[in-house]
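In: Pasted the sequence and its predicted model underneath.
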Amino acid sequence: MAFPPGFLDELRARISLSDVIGRKVALKRRSGAEFAGLCPFHNEKTPSFTVNDKKGFFYCFGCHEKGDVVGFVMKTEGLSFPEAVEKLAREAGLEVPRATPGERERAERASSLQEIVEHAARWFQKQLRLPIGRSALDYLRGRGLSDETIDDFRLGFAPDSRDGLLAALKREGATLDKIVEAGLAIQPEDAGREAYDRFRGRAMFTINDRRGRAIAFGGRVMGAGEPKYLNSPETPLFHKGGNLYCLDRARLAATKDQPVIVAEGYMDVIALHGAGYTGAVAPLGTALTEGQLGELWKLADEPILCFDGDNAGRRAAQRAAGRALPLLRPGKSLRFVSLPSGEDPDSLIRGRGAAAIGRLLELARPLADVVWELETEGQPADTPERRARMRRAVGRRVAEIADPVVREYYKRDMGQRLAKAHPAPTPAWQRDARRPFRPGLQDPAPFSAGAAARRSSADLDTSRQERALLGAMIERPTLLHTLAEELAHLPIAHEELQRLRSALLDALSLAPSGIEPAAEEAMAGEGPLESQLIAEHLQRNGLGRLADAARAKAREVFHDDPKEPDGWVGQWRRAAQHLAHLTIGPEELRQAEQALAEDMNEENLQRLQAILDRMRRETLESGTG
């Protein structure tokens, strides 16, 4: 089975030879695009098997096996040529074309078109060095380009004549139809009007394919005229959305661990290459496309977008961020460089040197920063409604991410940013309850003074006492009005019960105030409306079951006693005082742990243990255990 040559070229360009061989051979990088390993085709102890990604072939100096990626799959997996091609095409996401006569004809036509574009590139280069091209040559030199750079990037000039290129290509044997199909001339629809050159009076930039072959052009107008930049149209050779300026050079640079940088224009790319950043590329007259992002991610996990420091540059960066979001996957993202206002990479390098761009690249920001700015920058958030709008906008943006793992991490990141940007106000009772900051305060050492008392509160099951104290507030809601401040300062060690305490204090805003404890006692329970409001509040906060358990515990511990002058209020305060006593520790306990800290002998250890045992017994006998 025959395949079109263009398809096989595309397949080899998309598949990394070292990746395919690396599945079967442990490869070590020698330099740049070259790897070495033990040959899979014969037994050896010293590596003689080499792989070259740039040249796209492997070779063994021992057994002399050689070939490309298709040949390797054929040899190692016992597949025929068509089978190996189809297997690799599936991996690359390419549809295998069927080599019909029409497809072979299209491949031959593309080859002939590429020859025409190559002739045009040489002609443009020649015109630049003639007197007619003096203005363009002066312009390029004025932009800081040396003659060597001008020749290296195959820059040229299209004279401002109607058919200068047409005539030159026809002399090379090209037909008018082919010249028009290659995008180099325009054939008017009006009958009788002659074709004319597409590019006139412009400095010319040659656009190559992945393999470095000329396929299209970009032209900058010399003097007045619109558009400022004109690119070749879509042709059988050239697809704007699937290629990048200098992609062929960036592929080589990426094998040498050079950063992959996306700039906006041709001159920016050339300036970056001159500064040593040979992984620089640029879109071709369009916003960054999905196809171009795919090409970039083949070269680097996090290409750096380096757009101009003006409003247009910022909009381009934001469009690229929005385009990239649905395509993100683990390890594949973008980073962004913010240039100074009014600067582009070309002007920055010419004005401040290569070191300036290097410093900016080190400060490249992650994609998440740009996503955040897309929905928050310049947006007021001074009311609950505006903050809710911002949260919804950020959420919708994150929802565009297709990969579930990346999407979940973005949700967390954006949630943290929202919480930090608009923190919930701290209730007054909580602000009052904060302990003053003491410089140098650290967690105590295992036997430092105070450590045993603090650990004793964790060793003892204080959750039962805490549950009863909180449950009393639910059983008799009007206790909140009298005991709110004491409740706020109550030492509660367990996290879920801390949440319950916070919810109860928040419920103060729901409950009617001004009810005296005596009146509450006379009611022999809680007011139905107040109790209902608090119960619904706790249920909304996911604390319904915990509240019911705490309420049941309070009914076990607290009782209506006619001999108790203060009723439940008095009982609650005594229980709270006991809990605080257990948490802080009596003076005797502090003295015992101080003695153990100073002299860790058996006698001091036994003394401390006896005190802790006594505290446990007191807890069990207290009536709140």
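Out: Okay, I see it.

In: buried stuff in stretch 406-423?
Out: Val406, Tyr409, Tyr410, Asp413, Met414, Arg417, Leu418 (16 or more other Cβ atoms under 10 Å). Any C-beta I mention is one placed from the backbone N, CA and C, and that applies to glycine too.

In: what's the first one sitting at in phi/psi?
Out: Which is Val406. The phi/psi pair for Val406 (degrees, to the nearest 10) reads phi -60, psi -40.

In: Same check on the second one?
Out: Dihedral angles phi and psi of Tyr409 (degrees, to the nearest 10) take the values phi -70, psi -40.

In: Please look at Thr76 and Pro40 and confirm they touch.
Out: Yes. Checked against Cβ atoms under 8 Å, the pair Thr76 and Pro40 is within contact range at 6.2 Å.

In: Mutual contacts of the two, please.
Out: Common neighbours of Thr76 and Pro40, using Cβ atoms under 8 Å, 6 or more residues apart in numbering, are Lys24.

In: Let me know the secondary structure of Thr46.
Out: Here Thr46 is coil, with the state taken from DSSP: H, G, I helix; E, B strand; the rest coil.

In: Check the average confidence over stretch 475-486, would you?
Out: Mean pLDDT, stretch 475-486: 80.

In: next one: stretch 263-273
Out: Averaged across stretch 263-273, pLDDT comes to 96.

In: Stretch 10-21 now?
Out: 87.

In: before we move on, the earlier item: of the buried residues of stretch 406-423, closest to Ala254?
Out: Nearest to Ala254, judged by Cβ to Cβ, of the buried residues of stretch 406-423 is Val406 at 22.7 Å.

In: Run a quick neighbour tally on the residue nearest to that closest one when sequence neighbours are not counted.
Out: Once flanking residues are discounted, Val406 sits nearest to Leu328: 4.8 Å by Cβ to Cβ, 6 or more residues apart in numbering. Counted by other Cβ atoms under 10 Å, the residues lying close to Leu328 total 22.

In: Show the contacting residues for Gly71.
Out: Taking Cβ under 8 Å, 6+ apart as the test, what Gly71 contacts is Ala84.

In: Let me know the helix or strand that it is in.
Out: Using DSSP states H and E, Gly71 sits in helix 69-77.

In: and Phe35, which of the three is it?
Out: Phe35 - assigned by three-state DSSP - is strand.

In: As a check, name the ranges of all helices in the stretch 351-500 of the chain.
Out: Shown for the stretch 351-500 of the chain, the helices assigned by DSSP state H, counting those that start in this stretch span residues 354-362, 367-376, 384-399, 404-421, 428-433, 451-459, 463-475, 479-488, 495-506.

In: closest to Gly142 out of those helices?
Out: Closest approach to Gly142 among those (Cβ to Cβ): helix 354-362, 19.4 Å.

In: Next, work out how far apart the residue lying closest to Pro227 once chain neighbours are set aside and Ala136 are.
Out: Excluding its sequence neighbours, the residue lying closest to Pro227 (Cβ to Cβ, 6+ apart) is Val221, at 7.4 Å. With the distance defined as Cβ to Cβ, to the nearest Å, Val221 ends up 10 Å from Ala136.

In: tally of neighbours for the closest residue to Lys45 other than its chain neighbours?
Out: Using Cβ to Cβ, 6+ apart and skipping the chain neighbours, the partner closest in space to Lys45 is Leu38 (7.8 Å). Neighbours of Leu38 under the rule other Cβ under 10 Å: 17.

In: check contacts around Leu38.
Out: Residues near Leu38 by Cβ under 8 Å, 6+ apart: Val25, Ala26, Glu44, Lys45, Pro47, Phe49.

In: which one of these has the most neighbours?
Out: That'd be Phe49 among these, by other Cβ under 10 Å, with 23 neighbours.

In: and it, bridged to which residues?
Out: Gly37, Cys60 (DSSP bridges).

In: hang on, it packs against Ala36?
Out: Yes. Under the criterion of Cβ under 8 Å, Phe49 makes contact with Ala36 at 6.6 Å.

In: could you give the angle of the helix or strand that Gly6 is a member of to helix 69-77?
Out: If you go by DSSP H and E, Gly6 is part of helix 5-14. Orientation check (axes from the mean of the first three to the mean of the last three Cα atoms, to 10 degrees): helix 5-14 against helix 69-77 gives 70 degrees.

In: can you pull the buried residues of helix 5-14?
Out: For helix 5-14, a neighbour-count test (16+ other Cβ under 10 Å) marks Gly6, Phe7, Leu8, Glu10, Leu11, Arg12, Ala13, Arg14 as buried.

In: try stretch 142-154
Out: Result for stretch 142-154 [16+ other Cβ under 10 Å]: buried residues Leu145, Thr149, Ile150, Phe153, Arg154.

In: that's a strand at Ser18, yeah?
Out: No. Under the criterion used here (three-state DSSP), Ser18 is helix, not part of a strand.

In: what's around it, how many residues?
Out: When counting by other Cβ under 10 Å, one arrives at 19 neighbours for Ser18.

In: same deal with Ala321?
Out: If you count neighbours by other Cβ under 10 Å, Ala321 ends up with 22.

In: before we move on, back to that, determine how far the helix holding Gly71 lies from the middle of the whole chain.
Out: Helix 69-77 has its C-alpha centroid displaced from the chain centroid by 36 Å (Cα atoms, centre = their mean, to the nearest Å).

In: and it, average pLDDT?
Out: 87.

In: All the strands of the stretch 251-400 of the chain, residue numbers only.
Out: Assigned by DSSP state E, counting those that start in this stretch, the stretch 251-400 of the chain shows strands spanning 261-262, 280-281, 304-307, 335-338, 365-366.

In: Could you spell out the sheet neighbours of the first one, each with its direction?
Out: Strand 261-262 has the following sheet partners, assigned by DSSP bridges: strand 280-281 (parallel), strand 304-307 (parallel).

In: what's the closest of these to Asp209?
Out: Closest among those, once you apply Cβ to Cβ, is strand 280-281, at 13.0 Å.

In: Please enumerate residues in contact with that closest one?
Out: For strand 280-281, contacts defined as Cβ under 8 Å, 6+ apart pick out 244-247, 250, 260-263, 268-269, 272-273, 296, 345.

In: again, 10 Å this time
Out: Residues outside strand 280-281 that contact it (Cβ atoms under 10 Å, 6 or more residues apart in numbering): 243-251, 253, 258-263, 268-274, 292, 295-296, 299, 303-304, 306, 345, 357.

In: what about that strand, distance to the chain center?
Out: Put simply, strand 280-281 sits 21 Å off its chain's centre (Cα atoms, centre = their mean).

In: separation between Ile261 and Ile304?
Out: With Cβ to Cβ as the criterion, Ile261 and Ile304 are 5 Å apart.

In: do Phe153 as well
Out: From Phe153 to Ile304 the distance is 21 Å (Cβ to Cβ).

In: Next: Ala214.
Out: 27 Å.

In: Low-confidence stretches in the chain?
Out: Residue ranges of the chain with pLDDT under 70: 1-2, 5, 98-107, 424-462, 509-530, 562-565, 580-591, 593-607, 610, 612-625.

In: what comes up buried for the helix ranked longest in it?
Out: Longest helix in the chain, counting residues (DSSP state H): helix 101-128. For helix 101-128, the neighbour count (16+ other Cβ under 10 Å) marks 103, 107, 110, 113-117, 119-121, 123-125, 127-128 as buried.

In: what packs against that helix?
Out: helix 5-14, helix 134-142, helix 147-152, strand 156-158, helix 164-171, helix 176-181, strand 202-208, strand 214-221 (3 or more Cβ pairs under 10 Å, 6 or more residues apart in numbering; DSSP states H and E).
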